[in-house]
Structure formats: structure tokens, C-alpha cells
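K.L.:
What follows is a protein structure lacking sequence information:
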């Protein structure tokens, strides 16, 4: 490729990213340029200010949550109009005067609850004309801001729900979806003047957590960490068969933790990986598809998960550590399986590498590396905890200074170590002539320190996500300011003033880029609040449950399939966090309700993970797979073909949610450490067999029955309980009258599985099962149920009925209602362990392996792997 064509390509990719993430307008006049520099800069500084202890220490700039959300949204709306042109034909080199006017009106309306908070609060429920006018203007301009920054899909979804709010009483609608409708005053008050709509939980998480994590990622990337992780992956894997594709998977995993955006991940890593994949023999559409599949997994991987991890803590009501624990096994096995899929593709295409490594050795090595990485990370966090505890014991109140001194010494030592190697270049040619991985590893150990600090504060100190991200971001600011001067000092290069100036410039650029990356995301959070507000105002969630029940005919698997399809449709064109908010608000309750009626009781976090996984699949799936379009722009392949190929590669990701709905061991729910290791190994083997079965290649090209056998073995390993349930029932039933006696005998921190019948508020018959938590052991059954499940019963004619529910208690949140009858209690049956079925599965795999190895030995000797 010529330098000119390469420049054109780079420019078009920058435009693609700008249009999708940061805004495509680049004014040439000084005023416009300064506006798009200083406004994002002030936004980042504002977010750092409210996250710091300074407002409370100084008594300056202290606002409540609603006010901080309003300012946050005001910045986002202002920048959405200034940075994103209205249409493709709109000017990109200047900001029209009328755009300035609309932007300022939108910002004023968005921040109304900041400067007019006292008046709005005093008029709660009785808005005046000004309140309604501002709400209407704000809602319209917020939707336009979302259209500019995110495209039509999210705005269209929000308009659909708004139409339902106002016209839900239309006689032309089916009776099942009709509701009484809302007046303009009621709707605008709900959506704009309370925390039920735009200024609700989603915008609160955006203002309090998400911005700081996006900013942290932008600063980390500005410091060179993204380039470091990518080069390290290529140096470690580039020499293997299909090496660039394998490196793309690992590199995208690392950068996905930083960016949280599948599109940004595709463009950041794909610029390097896709041309190299094509060079070793991957067709354009397959090279793009590998990058898309890798990048999608990046936002499914802890610790950030595209900021969804922090939303999930709010919506599910569990700790951040629990969210990370549930997400880690599916993400890990999905990545290893994708590396294996890439390896099988390379085998099928007859690719060669520069070193020999058979697939079994490679997979075992991958498992070993993952295990060692987890152990090292855990060991480092544990060691940090011991060090901090020792400092507190020795230094007391002055321990913070001792801890900071230790961190400074460790950081300077890491930079000194890095300075012994040359800095990593950031160009495509350098990827083909990389030094050994151990040499690259030395150049960026200091990049790992702020990530470890983040994980330590979240998982050991159990600090809030906002505070953890704040101090990690402060650490990144220190790194950006000092890493180049320190390297110059250790290399004896001099020119410290210039390096300091470059550090200040890098900080400013990182702050600006971080804020501009948040424009569309913050707008999406606000618009997602409209959808959530419509759900809470109209009760459409119940309608969705009835709709899915109608489609599925009451069949459990069909219900999950339709929920998955609807989640993909709802997620089309939406950024990760808005995607999760929409699909969880509408579909999570559907799975819980219909599952309970079918006897399937699933922890709420598993349900949220289910809909989140399928919502994210929309980034892959044509016709709106934005990540696939980004990859096709780099590979010069067909976007639709790239999207369909990426979906085929991502089938393993689509399989996982179905598996952990029926086998929550995969989410490490109620699983001990030893069992967790066993679950990971078995699930990984099952996923690799599934990949081999769907790719129609194991040791050699598989025959049809061999692929079917591998898929059957994979299913058995994933869900051994299915076959056991055909032989022996999973539960034994006891009469409802035995509720108190059984509740008294249940071990500590376990639950009782109870079947209720009754009617819901709409008069519909309910026959469903629920898990009632019983907390600590001891006490009679009635007391345990009242204290831990928040439920009381009365006895009538020998039967028990729900008599009282604690407001906001576990039973009420489950959807249990008054006067429901306890029909029966289900207890685990005494039967053989389900793991017995692993044996025939492994024997089946062994038979296929033996047959294929016999055929392989008859073939010519293969080239190095």
C-alpha cells in the first residue's frame, strides 16, 4: 500500500471513530477549536472535582446527586451539538451560529435541576408552566443530541416508548397492551423533574462511576498502555500458526478492558491486526470477523465490562466483587475458545508458523497462563493488603504517607526498569520486527500499577467504584506527568523541561479525549432513562412478559430463545451501557417471571448476564452490527459478510447464556474455590469441544457424525444434570403445611424452594416457584421467614396463605403477592452426583480423538503450528 493510500485509510478510520465516539466536527477557526478543547477539559476537571474529597473539605461546589447529574448531562448535550454535525452535509470545519444557540438551550434545559433545584423540589408533583416548558425542550434536545452522537436507533426506541406513554390508551391497540395513558404534565414531571426518568440510576452511574472509568482508560491509552498490551500479545503469539489472529484475540482482550467500547476496540487494535492477518492468509471478511469477535468479548470481560459491572451492582443489588466473580469464567472460556477457533481456521487454510506447538500443548499453555495470571494478580493484591495493614499498624494516622512513599518507590523502580529498553514504536511496520516478549514486558510494568490499585481498592478495601476510579485516575495523571522525565533521567538524555511539557500536554489530551468519549455515552444514559421511565410509568414490562409467553406457548426454551432475539433487536445500534439498561429493564423481569412459572428459578444476576450477553451480540449481528462495519472499513471486506462470519465465530458467546441459566455453577454462584477450579476446567473443555464441533475440525477435518458426537459431549459436560433429570427427579415435594418445619431445618445462608398459586394484580392466575432466603441457622421457621425473606403467613383450613410482606423485602421484590397459597415445598432429592455423566462424555471424545488421529497419521506430515 502506498503512503498516500495508507494516509487516506488512516484518515477515513479516524473519521469513522470520530463519527462513532468523539464527534466528527473539527473547526478551523480559533474560537471553535478552543471550544471543543476547553469545554471537554472543564468537564473532565469537574468530574474529578466532584469525585474527590476536596468539595467537602473546602465547602465549595458541594451538590446533591440530582444536581451533579444535571451538570453532567448539560456538558454532554452541549458537546453533542458542538462536536457532532447534524447531517452528513453539515459543515465539519465550523460550528454554525444556530448550532451554538440550540446547544446552549439544550445545556440550560439539561442542567435545569442544578440551578433551579430548590424550586423544583418545593413544587414536587405540581410543576409550573416553566417546569413543563423546560422539560419538553430538554427532552426533545436530548433526543436530538443522542441522534447526532449515536445515530437513529436509540432515539427511535425512545420515541416508541414515549408514543406508548401518550397514546397507550388508543382503542386501535390490542387490549393486552393498552393502558390509560398520561397527560403532558404527568409524563414530563416523571421523565424530567424526578429521578424516575432521565435523572435516574443510569445517569447517576454515568456521572458517578462511568465517566471516571472512561477517563481512566483514555489516560491509560494516552500513556501508551494500549500499544504496550498489543505489542506484548504479538510478540508472544505472532510466531504461531495464524499468530496475528491469535494475537488479535489477546490484544483485544487487554484493550477492551481499557476502552469499554467494542467499536473503539476494533479500530484501535484492528488497524494493526487486520492487515497482518490478511498478510498470513486470512480472507478480508474472516480477518475482520476475528477482530470483531475479540473486541466484543472485551466488553464482556471483568473488571469493567463497558461499565456494566457498576450498573449491575445497582440493578441486581449485589456487590461489585460478586459481579466480577460471576462474569470471570464465561469470559475466560470464551476467549480461550476463540483462540482455538482461530487455530482451527489456520489449520483448515493450511497456514504455517515459525515454531512448532501442537494444539493440545497450546491450550494447556493458555490454561496455565490464565491460572498463573489469576494467581499472580491475587497474590499481588494479597501482598498489597498485608503491606497496607502493616503500615497502618506501625504508623497509625501517618500510614497514608508511608503507603504513598512505598508506591512512589515501586513506581520509580518500574520506570527505571522500563528505561533500560527503547520505547515501543506505534506503527504497523514495527509489528513485524518485534523484540522478544520478555523484553517488551519490561517496558510497561508501571502501566500495571494503576490497574492493580483499582482492583485493590475495589476488591480488597471494598471502596466505592467512584472513589476507586478517582484515585486510580490520579495515579494515571502522575504517570503521564512523570514517566518521560524519569526515563530521560535514567537514560541521561537531559531536556527535562521539554519532557515535563510533553507530560502536561499528554494529560490535557487524555482529559479531553476521555470527555469526548463520554459525549454519546452520557446522552445514551439520559435517553435510556426515558425508556426506564416509560417502563415504570406504564407497566409495559408486564406486557412484554405476556407477549413472550404468547410467542413461546409456555415452552421454557422457546421463551429464552425469544428473549434472546428481542434482546438482540433492542440492542441494535446502542452503546454498551445503554444497551444493558434497555434490555435489562424490559427483558430481565420476563425471564424471572416466566421462568418461575415453568419451575426454573434463576438468581437475578444470571438473568441480567443472560440479557446483557445477547444485547451485546447486536454489535456483531447485521444489519446494524457497528463493530462489523468498523472492521470491514479496515479490512476492505464486505460488511454484511464480515458480520455474519463474526456471528458464526461468536456462537460460543451466544451459547454461554443458555448454559449458565440452567447451570449457575458457571457463574460461580454458591461454588467454593476448589469446585470453581473444577468448573472452569470442565467448562473450558466443553467449550473447546463445542468450537471443534461447529468448526467441523478436531484433529483433522471431522465427519458429520463426529461433529455431532463432539457437540453431544460438549452438551453433557456443560449440563450433566439434564441426563440425570431424565432418570431421577431433581426435587421431592412436601406439602405446603410443612413450610415452617422445613424452614427451621434449612442450613445457614440457604434458601427454601416454595411453590405458590394465586392471582396477580391484573387478575391473571399465577402458579410459580420462588426461592425464599432464610439467612443464619437457628430459630423457628416462621421467624426465619419473617426476618430473612420478609414474609408472613396465616393458616386457613390447614393451608398457608401470604398474610404480610415487608416493604422492599426479598419476597416483595420477587413478585410474591398477598393471599397466595403455599401449595408445596420442593427439596433436593437424594440421588447420585450429576458428574457421573462426565465419564461417557469423555469416552465419546476419546473415541473421536482415536479415529481422527488414525486418519491424521495417514496424512502427510504437517507444517509447524
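P.N.:
Perfect, I can see it now. Since the model is a prediction, treat every value here as computed from it, not as a measurement. Numbering: from 1, shown residues only.
K.L.:
Buried ones in stretch 505-523, by neighbour count?
P.N.:
Within stretch 505-523, the residues scored as buried using 16 or more other Cβ atoms under 10 Å are 506-523. Any C-beta I mention is one placed from the backbone N, CA and C, and that applies to glycine too.
K.L.:
oh, I was asking about stretch 639-654
P.N.:
Neighbour-count burial for stretch 639-654, counted by 16+ other Cβ under 10 Å, picks out 639, 641-647, 649-654.
K.L.:
Tell me which residues are up against it.
P.N.:
284-286, 288-290, 292-293, 296-297, 300, 334, 337-338, 341, 564, 613-614, 617, 620-623, 625, 627-629, 631-632, 635, 687, 690-691, 694 (Cβ atoms under 8 Å, 6 or more residues apart in numbering).
K.L.:
Make a PyMOL selection of whichever of these turn out to be buried.
P.N.:
Those of those that count as buried under 16+ other Cβ under 10 Å are selected in PyMOL with:
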select buried, resi 284+285+286+288+289+290+292+293+296+297+300+334+337+338+341+564+613+614+617+620+621+622+625+627+628+629+631+632+635+687+690+691+694
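K.L.:
how close does residue 414 sit to residue 434?
P.N.:
According to Cβ to Cβ, to the nearest Å, residue 414 and residue 434 sit 21 Å apart.
K.L.:
Tell me where the stretch 751-865 of the chain has strands.
P.N.:
751-759, 765-773, 791-796, 799-805, 821-828 (DSSP state E, counting those that start in this stretch).
K.L.:
List the strands paired with the second one, with their directions.
P.N.:
Using DSSP bridges, the neighbouring strands of strand 765-773 in the sheet come out as strand 751-759 (antiparallel).
K.L.:
List the buried residues in the partner strand.
P.N.:
Neighbour-count burial for strand 751-759, with 16+ other Cβ under 10 Å as criterion, is recorded at 751-756, 758.
K.L.:
what's the angle from it to strand 791-796?
P.N.:
When axes from the mean of the first three to the mean of the last three Cα atoms, to 10 degrees is applied, the directions of strand 751-759 and strand 791-796 differ by 60 degrees.
K.L.:
what is the rounded mean pLDDT of the helix or strand hosting residue 345?
P.N.:
Using DSSP states H and E, residue 345 falls within helix 320-348. Helix 320-348 shows a mean pLDDT of 81.
K.L.:
In it, which residues are buried?
P.N.:
Here helix 320-348 shows 320, 322-347 as buried, counting by 16+ other Cβ under 10 Å.
K.L.:
would you say residue 287 is within a helix?
P.N.:
Yes - under DSSP: H, G, I helix; E, B strand; the rest coil, residue 287 sits within a helix.
K.L.:
pLDDT score for the closest residue to it other than its chain neighbours?
P.N.:
Of all residues not flanking residue 287 in the chain, residue 277 sits nearest, at 3.8 Å (Cβ to Cβ, 6 or more residues apart in numbering). Residue 277 is assigned a pLDDT of 82 by the prediction.
K.L.:
quick one: residue 277 and residue 290 touch, right?
P.N.:
Yes - between residue 277 and residue 290 a contact is recorded at 6.4 Å, counting by Cβ atoms under 8 Å.
K.L.:
which residues do these two both contact?
P.N.:
Residues touching both residue 277 and residue 290 (Cβ under 8 Å, 6+ apart): 245, 248.
K.L.:
for the stretch 1-150 of the chain, what spans make up the helices?
P.N.:
Assigned by DSSP state H, counting those that start in this stretch, the helices in the stretch 1-150 of the chain fall at 3-17, 30-51, 54-58, 65-83, 97-110, 112-115, 117-122, 129-150.
K.L.:
any idea which of those scores lowest on pLDDT?
P.N.:
Minimum mean pLDDT among those: helix 3-17, a mean of 45.
K.L.:
From the chain's centre, how far out is the lengthiest helix in the chain? Work that out for me.
P.N.:
In the chain, taking DSSP state H as the definition, the longest helix is helix 496-538. Distance, stretch centre to chain centre, for helix 496-538: 17 Å (Cα atoms, centre = their mean, to the nearest Å).
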